[in-house]
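[1] all I have is the shape, not the residue letters:
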């Protein structure tokens, strides 16, 4: 009897579990999706996925020179004008060097001004006095020569005295010539080559100052045109690395109506023509729809970047990008995905002409 007890108990437990599961198992009930999926007329409509972007496309801003961020002047969502400072990196070393070069420029300008101001008014009177003095000494020496040469008796004067007075006359004549030349040289002012060298030194110092000013200005990143700061990853004190980054420092977009970059599958490209009207529906609520205006084709067919996750979708799919413009009242955001339906104005057949 004990040998049959365990199988009987196991069988009763299995029957009880089965009846209990059947009693608590409810029938499956259908549930409606939270939002109706978008639909389009398959015979005349091309369905695609669109990505909202700025009319200038999203511009990833970087800095011209890497450095520590010392100034941040905007935040995400701010509207800016062309040339407005966005952020700046440390410029203390260049500012110090600029001060040195500005001092050198001031010195070069002062040297040029000194040369151009020659002759100084106070330099002329002493030189003119020396000319008058030399003239008077020459006249005196001339009189002395005339007196000694007027003596008719050669025995009354020594030949040595005559020669000495003639030499004194010649020396006085040379001193007068020297004084006149010194006066003329001073009146002529600075030598032209000296002035040219001074001007060159001023130009060189000015260029050195301008070079530092340009380098300092490059440390400030400015808005390339009027637009909006779409994204900001810059923080005070961080080291900003220039060049292409996996995460841009700032994302900038121009003002105007937002655009939608629509990726049309290459198998449907033949069905889309320039000017075809389109409508965009918001994901999550297909009742919200915005008409789109055709802008242009991106003429190069490229590999698809935005995948939907559909099991039938191939990763090697290629798409043609079509740019459409949203109306000004569209309430969408940059980077938002929309379901786009492009309506054929004329139905074309594969292999036929448009």
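    Nice, thanks for sending it over. These numbers come from a predicted model, not from an experiment. Residues are numbered from 1 along each chain as shown.
[2] who's in contact with the closest residue to residue 204 other than its chain neighbours?
    Leaving out its chain neighbours, the residue that sits closest to residue 204 by C-beta to C-beta, 6 or more residues apart in numbering is residue 108, at 7.6 Å. (Each C-beta comes from the backbone N, C-alpha and C, glycine too.) By C-beta atoms under 8 Å, 6 or more residues apart in numbering, the residues touching residue 108 are 198, 201-202, 204-205.
[3] closest one of those to residue 85?
    residue 205 (27.8 Å; C-beta to C-beta).
[4] what about the contacts of residue 108, which are in strands?
    Judged by DSSP state E, the contacts of residue 108 include no members of strands.
[5] let's have the residues you listed in TSV, adding neighbour count and pLDDT.
    Shown next, in TSV, are these (neighbours: other C-beta atoms under 10 Å; pLDDT from 0 to 100):
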residue	neighbour count	pLDDT
198	20	94
201	17	96
202	20	96
204	13	96
205	19	96
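[6] ok, back up a step: so the residue nearest to residue 204 belongs to a helix, correct?
    Yes. Assessed with DSSP: H, G, I helix; E, B strand; the rest coil, residue 108 lies in a helix.
[7] got any ranges where the chain has weak pLDDT?
    Along the chain, the parts satisfying pLDDT under 70 run over 1-6, 24-43, 152-157, 306-316, 346-354.
[8] output the longest helix belonging to it.
    Ranked by number of residues, the top helix in the chain under DSSP state H is helix 159-188.
[9] pull out the buried positions in it.
    By 16 or more other C-beta atoms under 10 Å, the buried positions in helix 159-188 come out as 165, 168-169, 172, 175-176, 179-180, 183, 186.
[10] for stretch 233-249, same thing?
    For stretch 233-249, by 16+ other C-beta under 10 Å, it's 234, 240, 248-249.
[11] just send these back as JSON lines, with distance to residue 138 and secondary structure too.
    Shown next, in JSON lines, are the buried residues of stretch 233-249 (distance: C-beta to C-beta, whole Å; DSSP: H, G, I helix; E, B strand; the rest coil):
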{"residue": "234", "distance to residue 138": "83", "secondary structure": "coil"}
{"residue": "240", "distance to residue 138": "80", "secondary structure": "strand"}
{"residue": "248", "distance to residue 138": "87", "secondary structure": "coil"}
{"residue": "249", "distance to residue 138": "83", "secondary structure": "coil"}
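[12] which of the residues you listed sit farthest apart?
    Within those (distances taken as C-beta to C-beta), the two that end up farthest apart are 240 and 248, at 10.9 Å.
[13] hmm, residue 279 is touching residue 288, no?
    No. Applying C-beta atoms under 8 Å as the test, residue 279 and residue 288 come out as separate, 10.8 Å apart.
[14] quick one: the helices in the protein?
    2-24, 92-116, 124-149, 159-188, 192-218.
[15] can I get those in TSV including distance to residue 83?
    Shown next, in TSV, are the helices of the chain (distance: least, C-beta to C-beta, whole Å):
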stretch	distance to residue 83
helix 2-24	72
helix 92-116	20
helix 124-149	54
helix 159-188	50
helix 192-218	11
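[16] picking up where we left off before, residue 279 and residue 288 - which one has more neighbours?
    residue 279 (18 against 15; other C-beta atoms under 10 Å).
[17] so what's that one up against?
    So residue 279 contacts 289-292, 340-341, 343 (C-beta under 8 Å, 6+ apart).
[18] please name the nearest non-neighbouring residue to residue 230.
    Residue 230 sits nearest to residue 251 (C-beta to C-beta, 6+ apart), 4.4 Å away.
[19] if that neighbour is in a bridge, with which residues?
    residue 60, residue 231 (DSSP bridges).
[20] check residue 71 too.
    Residues in beta-bridge contact with residue 71 (DSSP bridges): residue 88.
[21] wait, it sits on residue 85?
    Yes. Taking C-beta under 8 Å as the definition, residue 71 is a contact partner of residue 85 at 7.4 Å.
[22] between those two, what contacts are shared?
    residue 220.
[23] got the phi and psi for residue 189?
    phi 80, psi -160 (degrees, to the nearest 10).
[24] now flag whichever of the contacts of residue 108 is closest to residue 304.
    residue 204 (57.3 Å).
[25] from residue 110, how far out is that closest one?
    Residue 204 sits 15 Å away from residue 110, taking C-beta to C-beta, to the nearest Å as the criterion.
[26] cool, residue 163 as well?
    For residue 163, the distance to residue 110 - C-beta to C-beta - is 53 Å.
[27] ditto for residue 243
    Following C-beta to C-beta, the distance that separates residue 243 from residue 110 is 43 Å.
[28] cool, and residue 45?
    79 Å.
[29] same question, residue 337
    Residue 337 is 66 Å from residue 110, by C-beta to C-beta.
[30] please consider this matter closed, and thank you.
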